[in-house]
Structure formats: structure tokens, C-alpha cells
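> Below is the sequence, then the predicted model.
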Amino acid sequence: MVGLVAALAVTGCDRAGPGSSSSAPTTVPASSAPGPSPSGGQAPTVIPISAFLELPKHLSHGETRTRVEVEEAVPRLCGGEFASRGETAASAAVLSVHGLPGDEPGTIPAGVLYQTIRTYSGDGAAAFMGRLRSDLASCESYTRDGVAFRTRTAALSGVGGEALTIDVIQPQTDLPGNPVGGSQTNRAVVIRVGDTVTILWDAEYERSSSKPEVVADFARRAVAAIEAWRR
């Protein structure tokens, strides 16, 4: 399964049908002051598996919280938007293959959820978020391997200290790569919790798109896991 998932991890909201997303990119506002780290101490230098969200059993498709290389766990956009620039105290990443609420037994997975966790010293986490916003403002579209992509960003309220969503949009195709009309949209969420940043990337499984409400639930679960770890 790991090999299959790795092959499907390319950038790729309906699992089998087109997503709808044509609105213009939005500017994501900066948040308030960084605030203290969740534990009030030094940034951790080791990230345990328990720090990552654990999918509920009814959404899990076998592989869950499998360790992967950090570089594999974030979407490829215009350039180095997610680069840590060597400022992290620790970083780690996992993947989980997930379904959707209400799926019947035997339904194919809905997506491959990657999660990265990074800890930063001082105000490094807030600085990363600021740089990311700036980089995304100049990455509204790009082309990779002959495919035209668009990005759309928005602030996400009520999750962590600050958060934003990034939609990666491309033409919908069938499995062989033939255009079928419409768009495929996959969502990333970047969240800061004190001195910790987590990046959730809901990558495609067989040309699937993200369901925003499902990704929002993943984001809340991810924050809860980080807060429990840092207590």
C-alpha cells in the first residue's frame, strides 16, 4: 500500500466527479501576536507519533500515521513555499489513507492525508506563517509537467492560534489522464499552535478531490492532538 500511496501523492472536493472552484484568490490576513508555546517551555526536539491526529476507525483505510519523509508530505506549488529554512527545532510527517463519513464497506479511499508537524524556537512559527502568506500571494497559478494549476487561499477561523486553507486546483481527468471536464481540487490546511506548525495535505486518491468539511474536521482533530501532546 505504501508504494501505491506514494504514486498517488501527486497534486491532484467530489471523489469521482469535478469540483467547483472558480472564484478569485483571496488575500489571507495576518493574525494577532504569536502567543506562548502550548506547554510554556522550550520547543520540543522530538515529535512522537501521538502528536499526530489519529483517524477514527470508520474513516481509516488501513494505513494510518505511517512515517514519511517531510519533503513528500506537502503540496508542490510554485517553489519553496513550505521550506523550513533550517529554523525548526524538530519536524516529522506521516500519512493516513482515509474514507468519508457514510462510506459503504468496500468503497475506495477518498484521499491520502499527509500531516507534517514542526516546532520552532522563539517566534519562528509565526514568522513562518508570515512568509507563507507572502509567498502564496505571488503563487496564484503555475504549470507542472504540462498541467496548469491554480491556487486559492483563505483564512480559517476557530482553529489553533492562526490557520489558512490552500486549495490546489487542476483540470479533472480520468485515471489515464484524459480530460473529463470540471476541476479537481485538493486542500491543504496550515495551522499554528503556539510554537508549533502543522500542515495537513489532503492529496488525491485516483483523481479524488477534497471535501472541505472533512478536511476541517481533520484540522480540529490535529489541533486537539497537538494540544494534548504539549500539555
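Noted; the coordinates are in hand. Numbers count the residues shown, from 1 in each chain.

> Next secondary structure element downstream of the longest strand belonging to the chain?
Determined from DSSP state E, the single longest strand within the chain is strand 179-193. Downstream of strand 179-193, the next assigned helix or strand under DSSP states H and E is strand 196-203.

> could you pull out the helices for the protein?
Secondary structure of the chain (DSSP state H): helices at 2-7, 124-137, 212-230.

> For those, give me JSON lines that also has mean pLDDT, distance to Gly99 and mean neighbour count.
Bear in mind the C-beta positions are built from the backbone N, C-alpha and C, glycine included. As requested, the helices of the chain are arranged in JSON lines below (pLDDT from 0 to 100; distance: least, CB to CB, whole Å; neighbours: other CB atoms under 10 Å):
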{"stretch": "helix 2-7", "mean pLDDT": "39", "distance to Gly99": "14", "mean neighbour count": "13"}
{"stretch": "helix 124-137", "mean pLDDT": "96", "distance to Gly99": "29", "mean neighbour count": "18"}
{"stretch": "helix 212-230", "mean pLDDT": "98", "distance to Gly99": "9", "mean neighbour count": "18"}
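
> Switch these over to TSV; also include distance to Pro48.
Below are the helices of the chain laid out as TSV (distance: least, CB to CB, whole Å):
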stretch	distance to Pro48
helix 2-7	21
helix 124-137	19
helix 212-230	7
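
> Those helices: which one's closest to Thr88?
helix 124-137 (7.3 Å; CB to CB).

> ok, now which ones touch Arg65?
By CB atoms under 8 Å, 6 or more residues apart in numbering, the contact list for Arg65 reads 49, 52, 54, 94-96.

> can you tell me which of the residues you listed lies nearest to Leu175?
Nearest to Leu175 among the contacts of Arg65: Leu95, at 20.5 Å, using CB to CB.

> my read: that closest one touches Val70, true?
No. Using CB atoms under 8 Å, Leu95 makes no contact with Val70, being 11.6 Å away.

> on that earlier part again, now a PyMOL select for only the buried ones of the contacts of Arg65.
If you want just the buried ones from the contacts of Arg65 in PyMOL, going by 16 or more other CB atoms under 10 Å, the selection is:
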select buried, resi 52+94+95+96
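
> Would you convert the contacts of Arg65 into CSV that also reports pLDDT and distance to Ala154?
CSV is the format used below for the contacts of Arg65 (pLDDT from 0 to 100; distance: CB to CB, whole Å):
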residue, pLDDT, distance to Ala154
Ile49, 98, 30
Phe52, 99, 24
Glu54, 96, 27
Val94, 99, 25
Leu95, 98, 24
Ser96, 98, 24
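
> For the longest strand of the chain, the averaged confidence score.
What strand 179-193 shows for mean pLDDT is 98.

> Could you tell me how far it lies from the centre of the chain?
9 Å (CA atoms, centre = their mean, to the nearest Å).

> Can you give me the buried ones in that strand?
182-193.

> quick one: which of these is nearest Glu206?
Nearest to Glu206 among the buried residues of strand 179-193, with distances taken as CB to CB, is Gln184, at 10.8 Å.

> What separation do you get for the residue nearest to that closest one when sequence neighbours are not counted and Ser157?
Leaving out its chain neighbours, the residue that sits closest to Gln184 by CB to CB, 6 or more residues apart in numbering is Gln172, at 4.7 Å. Noted for Gln172: a distance of 29 Å to Ser157, by CB to CB, to the nearest Å.
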